[in-house]
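J.: Would you be able to build a 3D model of this:
(2 chains)
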Amino acid sequence: MTAQIIGTYFVCLSLIIGSGFVLVGVIGLLKFNDPMTRLHAPTKVGTVGIGMLLIASIIHSYGMGEPSTHELLIMAFLFVTAPISANFIAKVNIHRRACETPPAPPEDDTWSTLNVPEGDVTPEETT
Amino acid sequence: MVRAFNWLIPHPLLTLILTIVWMLLQNELSAGMVVFGFILGVIIPWGTSVWWPDTPQGFRLGKMIRYSFIVIGDIIVANVQVAWIVLTVPTSKLKPSWIVVPLKLREPEAITLLAGTITLTPGTVSADLSDQGHSLLVHVLHTDNPDSVLADIKTRYEARLLEIFS
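T.: Residues are numbered from 1 along each chain as shown, chains lettered A, B, ... in the order given. Next up is the predicted model:
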C-alpha cells in the first residue's frame, strides 16, 4: 500500500516536471522571433519534457501491476530522430536565407546546403 | 567455429540491440521470445548487409556507455539553463551566434553522433556540414563567449568520440 502511494507521488512529480518543460518550450516557441532561435525550444521539449512524461508512464504501469517497457523504446527512437528533424529545419532556414548568413567554413569551399554543383541549374533558370 | 560465428553474426552488437528491441516490444520475458528475437537479430543484419558497405573498424562499447551517461547528465543540466534563458532573457537582449567547429573526426558515424549530441543538448543545434566534411556549423541560442562553447564541444564531446572510434 505504501509503495503504491510513493509511486503515485513519483508519477505526479515526473508529470509536473515534464509538463513544466513542455510549457517552457512552448513559451520559447512563441516568444522568440527568429526562426533559428525558435528551433532551440522544441529540442528541450523533445528530451527532458517527453522523457519525464514517459518515466511517469513507466512508474504508473508498474504501480498498476502491468509492467510496460515500450516507453524506453519511444525514448530511444525519439533521441535518434529528434536531431535529424532539427537539422532539416536548420537547413531549410539557411537555404531560404531566413536567418543570418553563417560564416564561411575555414577549410572547405562552402556549407553543403549552400553548395550548388555546376550544371545543376533549375529549369526555370535555363529557359 | 569462429568463422561460422562470423558468417552467421557479422554484426554482434546489432544482433544484440535488435534482440533487446524485440524483447522490449513484446513486453514479456520468455524463452520463446528471446529465441525469436535472436532469429530476427540474425536475419535483419544479414538481409541488410548490402547497405552497410564499410562499418567503423574500432568501436569501444565501454567508453560509449560512459559517453552516453555524460551526455544524459549534460542534457538535464543544459535543459535547466535554457529554460532559465527562455523565461528571463528578453528577446531583444538575446545573443544568438553561429560557431564553426573544425572536425578531427573522419568516420561518418562519429560525425553523426557528434551532431546528434550537439542538437540534443539544448542551447546548441548543429545546422550543417561543410561540403568536404571538415567542419560543422552550430547555432548557439545565447552566449557571451562563443569560443568557450566551441572549446566545450571540442574537449567534452569530440575528444571522447575520437577515443571511442579509434
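J.: Count the neighbours of residue 84 for me.
T.: No chain specified, so I'll use chain A. 12 (other C-beta atoms under 10 Å in any protein chain shown). Where C-beta positions appear, they are placed from N, C-alpha and C, glycine not excepted.
J.: oops, I was thinking of chain B
T.: What B:Trp84 shows, counting by other C-beta under 10 Å, is a neighbour count of 12.
J.: so what secondary structure elements neighbour the strand or helix carrying it?
T.: Using DSSP states H and E, B:Trp84 sits within helix B:61-88. Applying 3 or more C-beta pairs under 8 Å, 6 or more residues apart in numbering or on different chains; DSSP states H and E, one finds that helix B:61-88 makes contact with helix A:2-31, helix A:40-44, helix B:108-120, helix B:159-164.
J.: Least confident of those, on average?
T.: Across the helices and strands packed on helix B:61-88, helix A:40-44 has the smallest mean pLDDT, namely a mean of 76.
J.: So for that helix, what gets flagged as buried?
T.: A:40-44 (16 or more other C-beta atoms under 10 Å in any protein chain shown).
J.: go on, stretch B:34-46?
T.: B:37-38, B:41-42, B:45.
J.: so which of those would you say is closest to chain A?
T.: B:Gly37 (13.2 Å; C-beta to the nearest C-beta).
J.: Identify the residues contacting that closest one.
T.: B:18-23, B:26 (C-beta atoms under 8 Å, 6 or more residues apart in numbering or on different chains).
J.: can you give me the end-to-end distance of stretch B:90-101?
T.: End-to-end distance of stretch B:90-101 (C-alpha to C-alpha, to the nearest Å): 28 Å.
J.: ditto for stretch B:130-148
T.: 22 Å.
J.: buried set for it?
T.: By 16+ other C-beta under 10 Å, the buried positions in stretch B:130-148 come out as B:130-131, B:135-143.
J.: do the same with stretch A:26-41
T.: For stretch A:26-41, by 16+ other C-beta under 10 Å, it's A:28-29, A:31-32, A:36-41.
J.: of the contacts of B:Gly37, list those near chain A.
T.: B:Val21 (C-beta under 8 Å from any C-beta of the partner chain).
J.: Strands - which of the contacts of B:Gly37 land there?
T.: Per DSSP state E, strands hold no members of the contacts of B:Gly37.
J.: neighbouring strands for the very next helix or strand once past the helix holding B:Trp84, and are they parallel or not?
T.: Next in sequence after helix B:61-88, counting helices and strands by DSSP H and E, comes strand B:97-102. In its sheet, strand B:97-102 lies beside strand B:135-140 (antiparallel), with partners assigned from DSSP bridges.
J.: Measure how the strand it pairs with sits relative to helix B:108-120, angle-wise.
T.: Counting by axes from the mean of the first three to the mean of the last three C-alpha atoms, to 10 degrees, strand B:135-140 lies at 10 degrees to helix B:108-120.
J.: For the helix or strand just after strand B:135-140, give me every contacting residue.
T.: Next along the chain after strand B:135-140, taking DSSP H and E as the criterion, comes helix B:146-152. Here helix B:146-152 makes contact (C-beta under 8 Å, 6+ apart) with B:97, B:99, B:101, B:124, B:138, B:140, B:143.
J.: Any stretches of chain B with poor pLDDT?
T.: Along chain B, segments meeting pLDDT under 70 span B:1, B:53-57.
J.: Would you map out the domains in it?
T.: Domains of chain B are assigned by automatic domain parsing as B:2-51, B:61-164.
J.: distance between the ends of the shortest one?
T.: Right, the one you point to is domain B:2-51. Termini of domain B:2-51 sit 24 Å apart (C-alpha to C-alpha).
J.: Residue 27: what's it in contact with?
T.: No chain in the question, so chain A it is. A:41, B:86-87.
J.: my question was about chain B
T.: A:67-70.
J.: Adding neighbour count, write the contacts of B:Gly37 out as TSV.
T.: Formatted as TSV, the contacts of B:Gly37 follow (neighbours: other C-beta atoms under 10 Å in any protein chain shown):
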residue	neighbour count
B:Leu18	20
B:Thr19	20
B:Ile20	16
B:Val21	17
B:Trp22	18
B:Met23	18
B:Gln26	16
